[in-house]
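# coords please:
(3 chains)
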Amino acid sequence: MIALVITLSTPLLAALVLAVVRSPRIGGWINISATAAGFAAATWLAWTVLGQGAIHGDQFQVDAFNVYLIALTSLVGLSTSIFSRPYMEHELELRRVTPRRMRLYHASFQGFLFTMLLSLSTNNLGVLWVALEGATLATVLLVSLYRTPESIEAAWKYFILCGVGIAQALFGTVLLYFAAARVVPDPERALQWSVLYAHAGQLEPVVVAIAFIFLLIGYGTKVGLVPLHNWLPDAHSEGPTPMSAVLSGLLLNVALYAVVRVKMITDGALAAGVAHDPQLAGRLMMGFGLTSFLVAGLFLHRQKDIKRLFSYSSIEHMGLMTFAFGLGGPLATFGALLHMTVHSLTKSAIFVTVGHASQIAGTQRIEQIRGLIRTQPQVGWGLLIGSIAIAGFPPFGVFTSEFLLLTATMKSSPWLTVPLLAGFAVAFSGLFRHLQPMVFGALPAGQKPINMNPVPVTLHLALVLWLGLSIPPSLARWFDDATRLISGSGLL
Amino acid sequence: MADYLNLAGWLAALAQTVLFVAIAPLFANWVKRAKCTLQNRRPPPWLQPYRDLRRLFGKEVVLAHTASHVFRIAPYIVFGTAVLAASIIPFILAEIPFAAMADAIVLVGTLALGRFFLALAGLDVGTSFGGMGSSREMTFAALAEPAMLMVVFTLAMLASSTNLSTVVGFFLEQPLALRPSLLFGLLALLLVGIAETGRIPVDNPATHLELTMIHEAMILEYTGRHLALMEYASQLKLAIYAVLTVNLFLPWGISRTLDPASVGIAVLALTAKLAVLGALLALAETLVAKMRLFRVPTFLAVAFTLSLIGMLSFIMLEGH
Amino acid sequence: MTAYADLPLIEQLIRTFAALILVSSFALLAQARVVAAIQVFAWQGFLLSALTALVAWNSGLPHLYISAVLSLVLKALFIPWLLIRQSRRLGILRDFDAVIRPGLTLMAAGTLVIFCYNVVIPVREFTQIVTRDAIAVSLALVMISLLMLITRRKAITQVVAFMSLENGLFFAAVTATQGMPMVVELGIAFDVLIAAVIFGVFFFHIRDSIETLDVDQLSRLREMDE
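The predicted model follows:
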């Protein structure tokens, strides 16, 4: 419990401190140390939970499912903050941001991390909503940090679309509460996930089904499910790159986490129902997920902006995970959890290299980014390896998780493997037609390498590689615990 | 059912209709007098409208040489439909044989028929003012009639009948309840009534200002007894909407039997209600400025929306 | 049919206020002038707060009084004040944000209400709470706000629509479930507050970058460019 308190309070305190620290340089270092402390606390928390079992508080609950996401969030937060320090200093030198906005940036970064960790660890579905809305609020001013017309537009779209989307989720939450209030006597506990989960069978199936649809639409907007994805490429491409890295690597995951949590309740409530399809939640998620996966894959082909390219790749992968969670069953769930991890690690690494690449080229336009491998091999290799990993090549972890997902699909609904395989092919070709000239193309004159810290990218990609080669038994057991929690039975 | 379907009932209904037609100019004059008092002008004498009508009936009819039969028939039809409408609505007696024959939808239809001929008459002579007035009248009618019907439907759903007598009876038997549907229905009916009877802020009954007039533009070519009938019909229409409003939404006091005592109470109650309504109308006309013609559709859209919300809130909030 | 008239007066009042809030959201939808839209929004907040107080009185739940005060301060006073202040400073207080095809929009809103009613029919069948109808109304409020959001061009009226959407959700929480747990309600209020402040800041950013507050002009980011 103490570990949890530290994990949560570190970013909150850091946000408050960073809001008053004037120097961007000091701010960057505080940012790193706060995330490092947070990561240490999260590791401690994970170790405690794994060793002594889940923490079931009244307001907070940490079990196998969310503790691994908490650890992942802290890890990505840490490496992004390490990357962000030299990156943002470079932006400061280019006068794209002012010191005042750097203060805003650092404070918002920590505030965002806090909302992420809060939504992961809370037991209260209402607080989950509040935290996810808070995540939008914390990041919206980051998206518009450069104050260009494009970034303002992106931020406005992000604000309005996500705000409206998540409003639907609040409606769903109210409906859930409405259903729960008739079963759970104490109204203060009627929104607690653990209570709802325990009483799921007694909840009114019709109300829960309607609530789930609203929740799926609401949180699905944040996951970036097609057709609710419009904000995502804009927000990713116009904000500063560390922002894109955490949005893609964390926010989407946490939103999906929220969907999975409510799906667990919905499944419980619908299981007994005769009049309703007990698989309703799963089928809806499969539909949305598969659509997102295929549509985003096609959109990869026509992108002209490198960050937009990879944000569509994020939509594609989130679609795949949504599909997998919808499919249910231990194998698919295990695959989805693994995919969540490797996608977060890989995608944040890619955004970090993309940030360096666009600083080298001085633009985000794909056609003007050329010859990276000769200008700065670290960036070129990073982008290449990252893209190979995200496209699902062996021996990287993404391959493993995608293979698991395909196998699971083959088992339960074989005909769906066809669109899945087609989607993989489309997405793969979409990525590589843009990637090849960026990495190997003719070197433009006067392109100079920039100052970067290779540690985050190397660390992330090494982890992904490791997960692809062999999943350590302790981690496998960890995933298995989470799988058992979500799908009812484990793999191991 | 229908213990009023006897000779006494028919006679009473007939007498009530005659009374209605007789006092309609008086009500219009009451509004005018109240307005004059509010505006520090000297009010016309109580019987002034009757004198005006008598004078007009006495005058020679001058017809435009382009006028057709329609122009000559129209005043009688317009007046006739107004009298017919007056006979349908519960006035002093709630349960009248006419109401069993013709329900609220017939009432709306009757009024629409009158308006149709009024507009035809405006077009008939071929002057530009007449045509302008007719086109405006029909434009507004297209918005006002659905609103009116929506109010009628709300009432009908509430009382499970479109028979106006039954509706009034239903309200009298119900315990007093605060119903959002009735609140919005009443507001919508007031707005529709103001538009339909050509009062401020939609039209100004007191002027012949060319650009803004609606009703007056249509009857500009009429003279003599034709004009008298047209004027009388418009006074009747005002009284019809007033009585409809007070008797449907505040039916207390209305008599359900032919018993002299209850009839006496009904007369007193109705007089009081109409007096208050007329005074309120005069007050509203004094306080509110006439709106631009282009705003009238918005005004009527508000009426329609209110009637729609009235009906929706009946279904959504009062249904059990 | 007689059941409604037998309800206690307070419940009839609650329903009347619910209907009034529905009217206010229609009014908001049709309101073209910026200042008038903000005023209608303030009235909606006031009605909402009064409704909350009535529900608190009716159910005897003291924490709803806190919500009532909270929504009075936040939605009827602070946010309208902030919006009016910002739009005065931007000089757009008297602007018009023309409603596209007002008749059609109102008809669409009416249709939406009927649609929402039909959506929640299965919910109604299973529940016995007197305030169950509120779910239909609140869904309708949410949908009408969404409609307003997509029919408007100006940033400020879009924000009003956004906030009125939040009102619809609050309405749902108050009437259907007698309020949410206090911690959640405070959290939501906090989010709304921050959102309002950020919106207020944002107007200036938009104006500074595109020199107008017509969100139509925000159309640089497209999939189909060049």
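
# after the lowest-mean-pLDDT helix or strand in chain A, next one along is what?
Least confident helix or strand, chain A: strand A:55-56 with a mean of 83, by mean pLDDT, DSSP states H and E. Per DSSP states H and E, the first helix or strand lying C-terminal to strand A:55-56 is strand A:61-62.

# who touches that next one?
Strand A:61-62 has contacts (C-beta atoms under 8 Å, 6 or more residues apart in numbering or on different chains) with A:4, A:45, A:49, A:54-55, A:70, A:121-123, A:193-194. Any C-beta I mention is one placed from the backbone N, CA and C, and that applies to glycine too.

# give me the most central residue, chain C.
What sits nearest the mean C-alpha location of chain C, by C-alpha atoms, centre = their mean, is C:Ser164, with 1.9 Å.

# what about that one, distance to C:Leu147?
Counting by C-beta to C-beta, to the nearest Å, the gap between C:Ser164 and C:Leu147 amounts to 11 Å.

# can you check A:Val426 too?
Look at A:Val426 and C:Leu147: by C-beta to C-beta, they are 36 Å apart.

# again, but for C:Ile121
From C:Ile121 across to C:Leu147, the span is 21 Å (C-beta to C-beta).

# looking at these two, which is more packed in?
Counted by other C-beta atoms under 10 Å in any protein chain shown, C:Ile121 and C:Leu147 do not tie: C:Leu147 has more neighbours, with 19 against 10.

# I'd say the more buried one and C:Leu28 touch.
No. With contact defined as C-beta atoms under 8 Å, C:Leu147 does not count as touching C:Leu28 (10.3 Å).

# just give the nearest non-adjacent residue to B:Ala119, would you?
Once flanking residues are discounted, B:Ala119 sits nearest to B:Ser134: 4.0 Å by C-beta to C-beta, 6 or more residues apart in numbering or on different chains.

# for the one you found, report the pLDDT, please.
pLDDT for B:Ser134: 91.

# for A:Leu141, same thing?
pLDDT, read off for A:Leu141, is 85.

# helix or strand for it, which one?
Element membership of A:Leu141, judged by DSSP H and E, is helix A:125-143.

# what's that helix packed up against?
Counting contacts by 3 or more C-beta pairs under 8 Å, 6 or more residues apart in numbering or on different chains; DSSP states H and E, helix A:125-143 packs against helix A:99-121, helix A:149-181, helix A:193-198, helix A:205-223, helix A:231-238, helix A:241-246, helix A:252-271, helix C:182-210.

# now chain C, which segments are flagged as low pLDDT?
C:1-3, C:124-132, C:222-226 (pLDDT under 70).

# name the residue of it that lies nearest to chain B.
Per C-beta to the nearest C-beta, C:Ala19 is where chain C lies closest to chain B, at 3.3 Å.

# now do the nearest residue to that residue once chain neighbours are set aside: how many residues are near it, please.
Closest residue in space to C:Ala19, ignoring its immediate chain neighbours: B:Pro180 at 3.3 Å, by C-beta to C-beta, 6+ apart. For B:Pro180, the count of nearby residues is 25 (other C-beta under 10 Å).

# B:Pro180 is in contact with B:Glu318, isn't it?
Yes. Contact criterion C-beta under 8 Å: B:Pro180 and B:Glu318 qualify, at 7.5 Å.

# shared neighbours of those two, anything?
Listed as contacting both B:Pro180 and B:Glu318 by C-beta under 8 Å, 6+ apart are C:Arg15.

# which helices and strands sit right next to the host helix or strand of the residue of chain C closest to chain B?
Following DSSP H and E, one finds C:Ala19 within helix C:9-30. Secondary-structure packing of helix C:9-30 (3+ C-beta pairs under 8 Å, 6+ apart): helix B:180-196, helix B:296-313, helix C:34-59, helix C:102-119, helix C:133-151, helix C:155-177.

# out of those helices, which one sits most buried?
Ranked by mean neighbour count under mean count of other C-beta atoms under 10 Å in any protein chain shown, those are led by helix C:155-177, which reaches a mean of 27.

# on that earlier part again, between helix B:296-313 and the helix holding C:Ala19, find me the angle.
If you take axes from the mean of the first three to the mean of the last three C-alpha atoms, to 10 degrees, helix C:9-30 sits at 140 degrees to helix B:296-313.

# now do the buried residues in helix C:9-30.
Buried residues in helix C:9-30, defined by neighbour count with 16 or more other C-beta atoms under 10 Å in any protein chain shown: C:11-30.

# how far does the worst-scoring helix or strand of chain B on mean pLDDT sit from its chain's centre?
Least confident helix or strand of chain B, by mean pLDDT, DSSP H and E, is helix B:97-101 with a mean of 80. Put simply, helix B:97-101 sits 19 Å off its chain's centre (C-alpha atoms, centre = their mean, to the nearest Å).

# then stretch B:303-320?
With C-alpha atoms, centre = their mean, you get 23 Å for stretch B:303-320.

# nearest to B:Met150, of the contacts of strand A:61-62?
Closest approach between those and B:Met150, by C-beta to C-beta: A:Trp193, at 45.9 Å.
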